[in-house]
Structure formats: C-alpha cells, structure tokens
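1. Sequence first, predicted model second:
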Amino acid sequence: MILDHLENADAYNAMHPLFVQAFAFLRRPDLAQMEAGRYEIDGDRLYAMVFADDGKDRGNDVLEAHRQYIDIQYTISGAECHGWKSTASCTDVKTDYDENVEAILFFDAPAVWVDAPPSHFVVFLQDDAHSPMNGKGRLHKVVVKVKL
C-alpha cells in the first residue's frame, strides 16, 4: 500500500506503464465536477470509477482484494479513512475470489487505518486487502483500476 499526495505521483510512474495515464486522469481540471459513474481511459486496461456517497462507520467493514487490477483511490473531497490488512494475514474469508466482481472478500478486521485527505491517493496492490469509503460525511472520490 502507498499513500501520497497527488503532486508526488510521478515518483510512482515506473511501477506500471499505465500509471502515467492514470495520474494524468486524476489531474484533470474537471475532476471535481465529474458525476458518479465509470469513465473509460483505455478500455478495460485502465478505467476510473467516480463515487459520491456518505462515508460508512468503521466496524462494519468487509475487506476486499483484487487479483487482476491495482486500485489507485484518490480523494476529491471529504475525509476518507481506509482499512488495510495484508491478504497473507487474512483468515476469515467471506467469499472466495469471484472473477465476475474481480474480488475476494474477507471479514477480518483491518490491521491499520490510513487517513486519505483530499488531494491524496492510496495505491492498493494484489496483496492489500482494503476497506474503502470509511469516513464521516460526504465522500467524493475516484478509483482508477489499472490492469496487471
């Protein structure tokens, strides 16, 4: 897992050839005006999902992990807090990996909580089980899905 400010994103471009396009999308001047929904960047290889919803309280978390995509989760507004735990440490499987939803779900409690204030992003790799959309009040965010 990586947490950083968007102004530092170029430091991570070497991690994946699609990161340049992913971070360029997050720098769009109209990003804050985008409505909830899916936005194509490069077909199924790279796309974004915009969310605008009320944050949920900690404690009712389900951790998710992905095998085919890296998540870059960017906070536009609100105060999001991500739950995190290594998939190697997860023991309470809610559902086995489902290719249709591209996720495995766990009932495990997060090992740590990471605040992601506006203009910050979190990168979740395949070994990062995470619980998004935790926070108080309205959260406006973007999840860029980067195909492995």
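-> Here it is on my side, so go on.
2. Which pLDDT value belongs to the residue nearest the centre of the chain?
-> The C-alpha lying nearest the average C-alpha coordinate of the chain belongs to Q73 (CA atoms, centre = their mean; 3.3 Å). Looking at Q73, its pLDDT reads 98.
3. in the helix or strand hosting it, what's buried?
-> With secondary structure defined by DSSP states H and E, Q73 is part of strand 69-77. Neighbour-count burial for strand 69-77, counted by 16 or more other CB atoms under 10 Å, picks out Y69, I70, D71, I72, Q73, Y74, T75, I76. From N, CA and C alone the C-beta is placed, and that goes for glycine too.
4. where does this structure have low pLDDT?
-> 60 (pLDDT under 70).
5. can you give me the helices in it?
-> 19-26 (DSSP state H).
6. Quick check: P132 touching G78?
-> No: under the contact definition of CB atoms under 8 Å, P132 does not touch G78, with a separation of 11.9 Å.
7. so who does I70 touch?
-> For I70, the contacting residues are H16, V123, F124, L125, Q126, K145, V146, L148, by CB atoms under 8 Å, 6 or more residues apart in numbering.
8. Apply the buried test to those and list what passes.
-> For those, burial is judged from neighbour counts taken by 16+ other CB under 10 Å, and it is met by H16, V123, F124, L125, K145, V146.
9. from those, which ones fall inside strands?
-> Restricting the buried ones among the contacts of I70 to those inside strands, with DSSP state E as the criterion, leaves V123, F124, K145, V146.
10. from the residues you listed, which two are the most distant?
-> V123 and K145 (11.8 Å; CB to CB).
11. any residues in contact with both of the two?
-> Taking CB under 8 Å, 6+ apart as the contact criterion, the residues that touch both V123 and K145 are I70, D71.
12. What ranges does this structure have for its strands?
-> Using DSSP E, the strands of the chain run over residues 2-5, 37-42, 46-54, 63-65, 69-77, 80-86, 93-98, 103-106, 112-116, 120-124, 128-134, 138-147.
13. Can you tell me, leaving aside adjacent residues, what's nearest to D98?
-> Using CB to CB, 6 or more residues apart in numbering and skipping the chain neighbours, the partner closest in space to D98 is I104 (7.4 Å).
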